[in-house]
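In: the following block contains a protein sequence and its predicted model.
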Amino acid sequence: MARFTLPRDLYHGRGALDALKDLKGTRAMVVVGGGSMKRFGFLGRTVENLKAAGMEVQVFEGVEPDPSVETVMKGAQAMRSFQPDWIVSIGGGSPIDAAKAMWAFYEYPDTTFEDLCIPFNFPTLRTKAKFCAIPSTSGTATEVTAFSVITDYEKGIKYPLADFNITPDVAIVDPDLAETMPQKLTAHTGMDAMTHAVEAYVSTLHSDYTDPLALHAIQMVSEYLIPSFNGDMEARERMHNAQCLAGMAFSNALLGIVHSMAHKTGAAYSGGHIVHGCANAMYLPKVIRFNAKEPAAAERYAQIARFLGLPGETNGDLVDALIEKICAMNRSLEIPSCIKEYEGGIIGEQEFLEKLPMVAELAVGDACTGSNPRAIDPAQMEKLLKCCYYDTDVNF
């Protein structure tokens with residue numbers, strides 16, 4: 001038996017933010033990140049709409065990119081003081097991810113972060129509040145997923161939390177918010193969406209319910225991401241929908257080792273963080289090459305290539321074409337080909353090699369590894385990470 005879970009309601013299209021006026025409740029806690037949602041007026045509109053729904057509103061601001069365990073705990077404490085019956089998060093993946101984790105600690109103050117790190121081990125939520133997510137970026141799709149990524153900066157590890165309990169009750173996918181994304185963020189979040197859809201399609205847990213969502217998302221990202229990057233706002237709207245479809249697919253089919261690697265390399269190095277979507281974009285071609293050694297995975301990648309109309313007669317030819325398609329998109333989006341080139345070389349070779357065994361072991365143990373279509377051990381993961389660092393061929 002398998003499960004397919006989505007939000008109870010999804011409002012989409014321009015002006016969808018006004019759907020907040022129809023929520024039923026008494027108190028809403030709004031969780032938001034930096035200043036962009038306030039600067040562009042969307043935070044104000046959110047608060048006004050919730051007040052129009054008859055709610056008392058409190059705002060928790062300042063969730064950082066790659067939200068920390070500490071921020072989650074502060075937000076949960078604020079919720080315990082305010083006692084909201086709606087948690088509304090607006091912004092990029094970071095504030096929504098943080099709010100999901102806050103939700104759990106609000107309802108269950110005695111739970112531990114270690115408990116929640118065990119996949120699908122959350123307590124039953126909605127004993128105190130429901131959850132509404134409003135994304136401003138077109139990539140993470142956390143507004144429709146059962147996932148949250150929280151960073152332990154002390155340990156230098158990103159923890160992917162996974163449980164159907166944290167799938168939002170309401171998602172509001174309003175493209176007006178996505179128009180505020182800067183160009184680099186558009187590129188990184190868009191390739192995050194592409195990775196979600198590709199990994200969902202080849203996942204060992206893919207199904208008849210997830211495959212159409214994944215394929216259509218791949219086609220839409222392929223068509224609309226580069227125009228969106230170049231400022232086409234109609235394409236930006238289509239990308240906002242595409243990333244959401246990709247999220248519906250991967251939330252139910254799960255992911256693979258592109259994400260395992262991105263989670264464990266993202267905060268591991270003293271030179272700086274590797275932005276999640278950029279990491280996925282760099283690693284995806286290498287992982288496709290690695291996974292395609294498994295015939296069943298090669299067939300799935302070939303199906304993607306055929307769906308996109310890429311050239312090739314054999315599965316091998318089609319896998320090559322798909323890899324080249326993704327690499328070409330990365331080049332058009334000004335995304336580097338490897339970790340060594342990331343942000344002018346901020347991830348030093350010596351530190352990368354010193355931490356390689358630890359990072360590889362953590363990546364193999366990541367929650368996303370189990371649904372990857374080809375098994376991998378720490379020694380192979382070390383080799384694969386080296387290929388991603390130096391941009392060398394994957395031939396094992």
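Out: Received the coordinates, thanks.
In: nearest spatial neighbour of the most centrally placed residue in the chain, chain-adjacent residues omitted?
Out: For the chain, residue 140 is the residue whose C-alpha lies nearest the centre (C-alpha atoms, centre = their mean; 3.2 Å). Counting by C-beta to C-beta, 6 or more residues apart in numbering, residue 140 lies nearest to residue 93, which is 3.1 Å off, once chain neighbours are set aside. Where C-beta positions appear, they are placed from N, C-alpha and C, glycine not excepted.
In: which of the helices or strands spans residue 4?
Out: Counting by DSSP states H and E, no helix or strand carries residue 4.
In: hmm, I typed the wrong one, I wanted residue 282.
Out: Going by DSSP H and E, residue 282 is in helix 276-291.
In: and the residue sitting furthest away from the middle of the chain, which of the three is it?
Out: Ranked by distance from the centre of the chain (C-alpha atoms, centre = their mean), the top residue is residue 313, with 33.2 Å. State at residue 313, reduced to three classes by DSSP: H, G, I helix; E, B strand; the rest coil: coil.
In: hey, which helix or strand in this structure has the poorest pLDDT?
Out: Least confident helix or strand of the chain, by mean pLDDT, DSSP states H and E, is strand 157-162 with a mean of 80.
In: show me what secondary structure element comes after it.
Out: Per DSSP H and E, the first helix or strand lying C-terminal to strand 157-162 is strand 170-173.
In: that following strand pairs with which strands, and in what direction?
Out: Note on strand 170-173: by DSSP bridges, its sheet partners are strand 9-12 (parallel), strand 130-135 (parallel).
In: show me what the helix or strand just after the helix holding residue 282 is packed up against.
Out: Of the helices and strands lying after helix 276-291 in sequence (DSSP H and E), the nearest is helix 295-307. In this structure, helix 295-307 makes packing contacts with helix 183-202, helix 211-229, helix 276-291, helix 315-332, judged by 3 or more C-beta pairs under 8 Å, 6 or more residues apart in numbering; DSSP states H and E.
In: of those helices, which is nearest residue 132?
Out: Residue 132 lies closest to helix 183-202 among these, at 20.4 Å (C-beta to C-beta).
In: what angle separates that closest one from helix 295-307?
Out: Between helix 183-202 and helix 295-307, the angle comes out at 120 degrees (axes from the mean of the first three to the mean of the last three C-alpha atoms, to 10 degrees).
In: output helix 183-202 as PDB, nothing but the C-alphas.
Out: Taking Å, rounded to 0.1, in the frame of the first residue of the first chain, the C-alpha atoms of helix 183-202 are listed here in PDB:
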ATOM      1  CA  GLN A 183      17.800  36.600 -11.400                       C
ATOM      2  CA  LYS A 184      20.200  34.300  -9.600                       C
ATOM      3  CA  LEU A 185      17.500  33.100  -7.200                       C
ATOM      4  CA  THR A 186      15.200  32.400 -10.200                       C
ATOM      5  CA  ALA A 187      18.000  30.200 -11.700                       C
ATOM      6  CA  HIS A 188      18.700  28.300  -8.500                       C
ATOM      7  CA  THR A 189      15.100  27.700  -7.400                       C
ATOM      8  CA  GLY A 190      14.200  26.700 -11.000                       C
ATOM      9  CA  MET A 191      16.900  24.100 -11.100                       C
ATOM     10  CA  ASP A 192      15.800  22.900  -7.700                       C
ATOM     11  CA  ALA A 193      12.400  22.300  -9.200                       C
ATOM     12  CA  MET A 194      13.900  20.500 -12.200                       C
ATOM     13  CA  THR A 195      15.800  18.200  -9.800                       C
ATOM     14  CA  HIS A 196      12.700  17.500  -7.800                       C
ATOM     15  CA  ALA A 197      10.800  16.400 -10.800                       C
ATOM     16  CA  VAL A 198      13.600  14.300 -12.300                       C
ATOM     17  CA  GLU A 199      14.400  12.600  -9.000                       C
ATOM     18  CA  ALA A 200      10.700  11.900  -8.400                       C
ATOM     19  CA  TYR A 201      10.300  10.300 -11.800                       C
ATOM     20  CA  VAL A 202      13.200   7.900 -11.300                       C
END
